[in-house]
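J.: Test case, fold it:
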Amino acid sequence: MLKSVIIRQENPADYPIVFDLIKESFKNEEHTDHQEQFLVERLRSSDDFVPELSLVAEIDGEVVGYILLTKVKIIGKEVVGSLAMAPVAVLPEYQNQGIGGKLIVAAHNKAKEFGFESVIVLGHEGYYPKFGYKLAESFGIRPPFDVPSKNFMAIELVDEALEDVEGVVKYAEEFG
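T.: Numbering: from 1, shown residues only. All right, here's what the predicted structure looks like:
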């Protein structure tokens, strides 16, 4: 049985712990460049960083999970603000226990609280739809790079937020 999970905003004292947590959680993933921890370091000093959307999951005082949402733009006929979810990381020994899901739900709620209406994710096609993610292309939203469309998804945090939005996602330059 999973112990009580506390989701809270990351603080600077967490940075080295989160760095190691991300590195550890992605070490056996094949579809990654294993550089996510460095991306997070770069994003923290970006104009697109929202400190309140950088969250950790704690169990008994130990940080076991992390999620980050950063600002992006969808550029088409109009420029529309959105968020990118990257990364979602949980220590291997705590994976498949619902911690990632708790982080996603908490991040969505916090994003809505701050007035954000949608989130974009590049991720596993079997996982993110459980949280309401749909193919981004079904909204007319395209990635700025070549990825399988089944892995590029979006969610409306507010009903019809992506109704008339179409275009290409522009990530923070720190994404590289």
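J.: model confidence over the helix or strand containing Val169, on average?
T.: Val169 belongs to strand 167-170 when elements are defined using DSSP states H and E. Computed over strand 167-170, the mean pLDDT rounds to 98.
J.: longest helix in this structure, by residue count?
T.: helix 99-113 (DSSP state H).
J.: For that helix, which outside residues touch it?
T.: For helix 99-113, contacts defined as CB atoms under 8 Å, 6 or more residues apart in numbering pick out 2, 5, 7, 52-53, 55, 57, 64-67, 69, 83, 85, 88, 90, 119, 127, 130-131, 155, 157-158. Every C-beta, even on glycine, is put in place using the N, C-alpha and C of the backbone.
J.: could you flag which of these are buried?
T.: Taking 16 or more other CB atoms under 10 Å as the criterion, what is buried in the contacts of helix 99-113 is 5, 7, 53, 55, 57, 64-67, 69, 83, 85, 88, 90, 119, 131, 155, 157.
J.: Neighbouring strands - and their directions - for the longest strand along the chain?
T.: As assigned by DSSP state E, the longest strand anywhere in the chain is strand 62-75. Here strand 62-75 is paired, per DSSP bridges, with strand 49-59 (antiparallel), strand 79-90 (antiparallel), strand 167-170 (antiparallel).
J.: Which one of those lies nearest to Gly176?
T.: Proximity to Gly176 (CB to CB) singles out strand 79-90 among the strands paired with strand 62-75, at 11.9 Å.
J.: Who's the closest spatial neighbour of the residue nearest in space to the middle of the chain, skipping the chain neighbours?
T.: Against the mean C-alpha coordinate of the chain, by CA atoms, centre = their mean, the closest residue is Met85 at 1.8 Å. Ranked by CB to CB, 6 or more residues apart in numbering and with sequence neighbours excluded, the top spatial neighbour of Met85 is Val121, at 4.4 Å.
J.: sorry, back to before: put together CSV for the strands paired with strand 62-75, with distance to Glu29 on each row.
T.: Listed next are the strands paired with strand 62-75 as CSV, based on distance: least, CB to CB, whole Å:
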stretch, distance to Glu29
strand 49-59, 18
strand 79-90, 10
strand 167-170, 22
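J.: tell me the most buried of those?
T.: Of all the strands paired with strand 62-75, strand 79-90 has the most neighbours on average by mean count of other CB atoms under 10 Å, namely a mean of 21.
J.: could you check the angle helix 99-113 makes with that strand?
T.: Interaxial angle of strand 79-90 relative to helix 99-113 (axes from the mean of the first three to the mean of the last three CA atoms, to 10 degrees): 150 degrees.
J.: what's the average pLDDT for strand 79-90?
T.: Across strand 79-90, the average pLDDT comes to 97.
J.: any idea how far it is from the chain center?
T.: Going by CA atoms, centre = their mean, to the nearest Å, the spacing between the C-alpha centre of strand 79-90 and its chain's C-alpha centre is 4 Å.
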